[in-house]
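1. Got a sequence here, can you model it:
(3 chains)
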Amino acid sequence: MRPVRLAAIRILALVFASQAGVSGALEEGEQRERIEFETKKFEEQIENSAILFDDPELNAYLQEVTDRMFPEMVGKLRVRTFRDPEFNAFAVATGGIYFHTGTLLRLDDEAQLASGLGHEGTHVTADHMYRHVKTAKSASVITLLAGLTAAGFGIPSDLISIISYSSMAGFSRTFERESDFGGFERMIAVGYDARGGAEAFARLERELKARHIEQGPYFFASHPNVKDRVDTLTEFGGVAPRPGERYVERYRAVTLHARQNAIEQIHRSGNGKLLIFLLEGEGLLKTLPPESHFYLAEGFRLRAEKARRDPKDKRSEQEIEAQRSADAARSIEEYEKTIAGSPDFAPPWQALALHLYRGGNKPRALELFRRYVELEPDPKVSGYARQYIESLSKELEQ
Amino acid sequence: MYSQFRLRLPAVAVLYLCVTISAAQEQPVEAPAPPVEETAVAPQVAPVPETAPEATIPVETPAVEVATPAPEGTPAGAKRIVMLPVEFTVYQKSVAGIEAVPDWTETATFSLGDAAIKMLSQDQRFQVVSVPQFEGETKNLLREHVEFFKIVGNTALSMAQYGGKAIAEKSTNFEYTLRDGLAFHGEAADADYAFILGGTQVTQTGGSVFMQFLAAAGGYATAGGGTYVMAGIVDLRTGRIVWLNSRAGTQVFGMTGSDIRQPATAAEVVTRMFEGFPENKFFKFPAF
Amino acid sequence: MNRNAGRAIALLAGIAFAMPALAAWKVVAEGETYRHEKSGYSIQYPAGWRWIKFGDVSLATRDGAPIQMILVDFRKHKKAFRTLNQDSTPAMMPQELAERVVAEATKERSLQNVEVLSDEPATLAGRPGFRLLVAYRSAVDAGSVRYREIVLGANSPQGIFIISYRAPVLHYFERDVATFEKSLATFAIVDKK
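-> Coordinates of the predicted model:
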């Protein structure tokens, strides 16, 4: 295409694009209708899916905490537990708050929970969904113009996403601070410990660092820097934050099944590193029943077995190998601890037996497999162990 | 599980390709279309009974309020057919993205449902009956079967369109079924068949058309808008899909003829879907 | 809004699982054995079904892949579990392979609630292997339709062989599972070319 013609198209493009942005703006009522329409459809789909965690007692508890903080919104804010092991929660324009099982796992008490629910509830009361869409629409026009400018006038295309992203991040920062403050006010107004919010975000910050996850498409994708939020929430509490209620025992009792489910899901997804970080690093093991020690042992086993190097891992091969050996040894130690603490809990017996089997200690492995099958008689679950028992018995007899 | 994961990435890419292929193979529905009353219909057509006027039919579910008793002149032996609520969404594609538009959706849903009811009511082989209301588990079971119908119906149609010679015999030996999981619905409605109708329309804004134009000028083909409508009739006792059809029209640079929001276009689309009923360009169904 | 875009485009295309539909299907003749020379396996897909191959994968379906599908895959050990960023090794036991397959599915977030109904030892082409029966649902915006899948796998010096059968719980899984079992019995690991 000839340069003059190309330039003409680009100039035309800018004119059209700016027109498109202006004509694309909707009346407030119409935009709200669109948001509500889509949100209702989404909520209906969620309701019909299996993604909600079916625990009426837990849902009632979350609702009660929310209603205490938002008395004027009773019946309008609806809290449900979302089956997802990640550290997240979200609210939708129609008043639905979806709280992840993974977040329940990572919180210590009701004050921290109240901070999360207060934050999400404020997103609804402060009308953030509408304001966000309105802002995002303007931003997309900016993106378009920036894109065209970049394409037509030599600005590197790499910058386009940054232009767009920084605009969006700026808008979101305002909303998140608003929600942080709104949630904070609500929680202290009903007597919760003012330090809950800062504690929850401090934990999130530690997790992001441990998992080498940069700020971005992870927790609350457009949230401001987590460190800033810890500082902000600490600042809200003042030099001497007011102590208040925590209801640790109640929180742990009602959320137990959801927290166990989250741990099981993390285990099933094979993320040993996260299991170790949460159960040992963050001390969550003490908040779970004794048999949960098994998942810490599994964490070490999974981390030791991870075959490929994480590209973000900056350690040397020797260091990694040393850690693998240490992890393998530690997993054995933890299996043994689990068995000592919960002798009737079947899984560690099999895990330990497998380790011994691989290591060549077949007589001891056979004993442990047998114990496992005694505790787990369902052949659909203990099929492998039965097979090992059969083959090992024959081998050892010979 | 395993396989779904493995197929995901290439499938996404191919979906886009399919839009292009669909555009190449399908004739866009032309507009403006004549009102349905002026359109030629099947020879068995009886005098058009007055179905419920617009005011008495909730726009979301045009079928619900249709009178249960057979209209005067409905011949004995007419199959009782229940029309499930139409699921049709109209999206607006702008430079900012794609959004569902509630009032357009409402208008299009009503237009499509109304056209379908009129079409079925004109056909002496059918007697349209009301949709029973279900709650709880039964409601969920019905919902899952409708979603299941979408999977089965869309698979049958895509196999017919893109499956090549190996699939050709399916067009004359159509054996897709939902099995008998909807029998409860037939009993509750005292109906023989269910009519299921739905689809999507994506309408471009000026800005979106411009972006498409710009991309085209730069040598990139991008998806525009368009309309997809799928309809089927299911035997409620056996679950067999006894009739299935779809129509697609694409919108290129904002030019389209298939705007379902227009009652005349909706009627035209439905009429064309029923042309030659029960046969169509995809399948040769046995006569009712 | 991207989510809507994807959904709208999928609906417009009218197909949820487009690739198998688009490609060149072939009808399986009675007694015909399909050999994947490069990956080193053979199988008799059910007569009258349609089959297709892409890369190391071959699959067969009677009515269309979303309705029922038998899929055979050979994965080299290196990056065998890409989602997990993990290799497999020739020494891995069937139980360990099964664990990885489940982990991979669990990590695939568009599937809801992957539930392992059974995980048992099995033989595949005469080799010790695993057999999983799992339940899950399609994505929330794809209707949350219930699916079941049987996955079998076995190790070899070159890589792992995986064969699976999946279908919606409503009607199709039960209807075609016996056909799958017959086909499974013909699966063999052959010399690679």
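2. any weak-confidence spans in chain C?
-> Confidence mapping of chain C against pLDDT under 70 gives the ranges C:1-23, C:109-112, C:193.
3. near chain A, which residues of it?
-> C:4, C:79, C:84-89, C:93-95, C:99-100, C:102-103, C:106-107, C:112-114, C:117-121, C:137, C:140-141, C:144 (C-beta under 8 Å from any C-beta of the partner chain). Every C-beta, even on glycine, is put in place using the N, C-alpha and C of the backbone.
4. Can you report how many residues lie near residue B:139?
-> 12 (other C-beta atoms under 10 Å in any protein chain shown).
5. By mean pLDDT, point me to the weakest helix or strand of chain B.
-> helix B:2-25 (a mean of 31; mean pLDDT, DSSP states H and E).
6. of the residues of chain C next to chain A, buried ones?
-> The neighbour count (16 or more other C-beta atoms under 10 Å in any protein chain shown) marks C:4, C:84, C:86-88, C:93-95, C:99-100, C:102-103, C:106-107, C:112-114, C:119-121, C:137, C:140-141, C:144 as buried among those.
7. Just the ones of these in helices?
-> C:4, C:94-95, C:99-100, C:102-103, C:106-107 (DSSP state H).
8. Format those as JSON lines; extra columns: distance to residue A:40.
-> JSON lines is the format used below for those (distance: C-beta to C-beta, whole Å):
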{"residue": "C:4", "distance to residue A:40": "14"}
{"residue": "C:94", "distance to residue A:40": "47"}
{"residue": "C:95", "distance to residue A:40": "45"}
{"residue": "C:99", "distance to residue A:40": "40"}
{"residue": "C:100", "distance to residue A:40": "40"}
{"residue": "C:102", "distance to residue A:40": "35"}
{"residue": "C:103", "distance to residue A:40": "35"}
{"residue": "C:106", "distance to residue A:40": "30"}
{"residue": "C:107", "distance to residue A:40": "30"}
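9. and the next element down the chain from the least confident helix or strand of chain B?
-> Using DSSP states H and E, the next helix or strand after helix B:2-25 towards the C-terminus is strand B:79-83.
10. outside of that next one, which residues touch it?
-> B:62-63, B:66, B:113, B:116-117, B:120, B:125-132, B:185, B:189-195, B:197, B:233, B:236, B:288 (C-beta atoms under 8 Å, 6 or more residues apart in numbering or on different chains).
11. Repeat that for stretch C:166-176.
-> Taking C-beta under 8 Å, 6+ apart as the rule, stretch C:166-176 contacts B:1, B:3-4, B:144-145, B:148, B:151, B:177-179, B:181, B:239, C:62-63, C:67-69, C:71, C:135, C:145-150, C:165, C:177.
12. now what about the helix or strand hosting residue A:275, what contacts it?
-> Per DSSP H and E: residue A:275 is located in helix A:272-276. Helix A:272-276 has contacts (C-beta under 8 Å, 6+ apart) with A:210-211, A:263, A:266-267, A:295-296, A:298-306, A:327.
13. again, but for stretch A:112-121
-> By C-beta under 8 Å, 6+ apart, stretch A:112-121 touches A:62, A:65-66, A:69-70, A:73, A:77, A:79, A:89-91, A:97, A:99, A:103-104, A:107, A:179-180, A:182-187, A:190, A:192, A:196-197, A:199-200, A:233, A:251.
14. Please export the C-alpha coordinates of the strand ranked longest in chain C as CSV.
-> Ordering each strand of chain C by length in residues (DSSP state E) puts strand C:112-124 first. Taking C-alpha atoms only, strand C:112-124 is exported to CSV below (Å, rounded to 0.1, in the frame of the first residue of the first chain):
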residue,chain,number,x,y,z
GLN,C,112,-16.0,-28.0,37.3
ASN,C,113,-15.7,-30.2,40.2
VAL,C,114,-13.6,-33.0,38.7
GLU,C,115,-14.5,-36.0,40.9
VAL,C,116,-12.6,-39.3,40.8
LEU,C,117,-15.1,-42.0,41.1
SER,C,118,-12.6,-44.8,40.9
ASP,C,119,-8.8,-45.1,40.4
GLU,C,120,-7.8,-48.7,39.9
PRO,C,121,-4.9,-50.7,38.4
ALA,C,122,-5.6,-52.1,35.0
THR,C,123,-3.7,-53.5,32.0
LEU,C,124,-3.4,-51.7,28.8
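15. can stretch B:127-141 be found next to chain C?
-> No - judged by C-beta under 8 Å from any C-beta, stretch B:127-141 and chain C are separated, with a smallest distance of 9.6 Å.
16. repeat for stretch B:97-116
-> Yes - under the criterion of C-beta under 8 Å from any C-beta, chain C is reached by stretch B:97-116 at B:97-100.
17. and these, which of them are in strands?
-> B:97-100.
18. So which of those residues reach chain A?
-> B:97, B:99-100.
19. Make TSV from those and add neighbour count and distance to residue B:78 to it.
-> Converted to TSV, these look like this (neighbours: other C-beta atoms under 10 Å in any protein chain shown; distance: C-beta to C-beta, whole Å):
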residue	neighbour count	distance to residue B:78
B:97	18	47
B:99	22	42
B:100	21	37
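20. Single out whichever of those has the smallest pLDDT.
-> Of all those, residue B:97 has the smallest pLDDT value, namely 73.
21. how near is that one to residue A:369?
-> Between residue B:97 and residue A:369 the distance is 56 Å, computed by C-beta to C-beta, to the nearest Å.
22. What mean pLDDT does the top helix by length along chain B get?
-> Ranked by residue count under DSSP H, the longest helix found in chain B is helix B:136-162. Average pLDDT, helix B:136-162: 91.
23. again, but for stretch A:338-356
-> 96.
24. Take that stretch, keep the C-alpha atoms, and write them as PDB.
-> Written as PDB, here are the backbone C-alpha positions of stretch A:338-356 (Å, rounded to 0.1, in the frame of the first residue of the first chain):
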ATOM      1  CA  THR A 338       0.600 -38.400  60.600                       C
ATOM      2  CA  ILE A 339       0.400 -42.100  61.300                       C
ATOM      3  CA  ALA A 340       1.500 -41.500  64.900                       C
ATOM      4  CA  GLY A 341      -1.100 -38.800  65.300                       C
ATOM      5  CA  SER A 342      -4.000 -40.400  63.300                       C
ATOM      6  CA  PRO A 343      -3.300 -44.100  63.100                       C
ATOM      7  CA  ASP A 344      -6.600 -45.000  61.600                       C
ATOM      8  CA  PHE A 345      -6.300 -42.500  58.700                       C
ATOM      9  CA  ALA A 346      -5.500 -44.700  55.700                       C
ATOM     10  CA  PRO A 347      -3.700 -42.500  53.100                       C
ATOM     11  CA  PRO A 348      -0.300 -42.100  54.800                       C
ATOM     12  CA  TRP A 349       0.100 -45.900  55.200                       C
ATOM     13  CA  GLN A 350      -0.100 -46.300  51.500                       C
ATOM     14  CA  ALA A 351       2.100 -43.300  50.800                       C
ATOM     15  CA  LEU A 352       4.800 -44.600  53.100                       C
ATOM     16  CA  ALA A 353       4.500 -48.100  51.700                       C
ATOM     17  CA  LEU A 354       5.000 -46.800  48.200                       C
ATOM     18  CA  HIS A 355       8.100 -44.900  49.300                       C
ATOM     19  CA  LEU A 356       9.600 -48.100  50.900                       C
END
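25. in which helix or strand would I find residue B:104?
-> helix B:102-122.
26. What segments of the chain are strands?
-> No chain specified, so I'll use chain A. Under DSSP E, chain A gives strands at A:78-82, A:89-91, A:96-100.
27. if you could check chain C rather than the one you did, that'd help
-> C:26-27, C:34-36, C:41-43, C:50-54, C:57-61, C:69-76, C:112-124, C:127-137, C:146-155, C:159-168, C:188-189.
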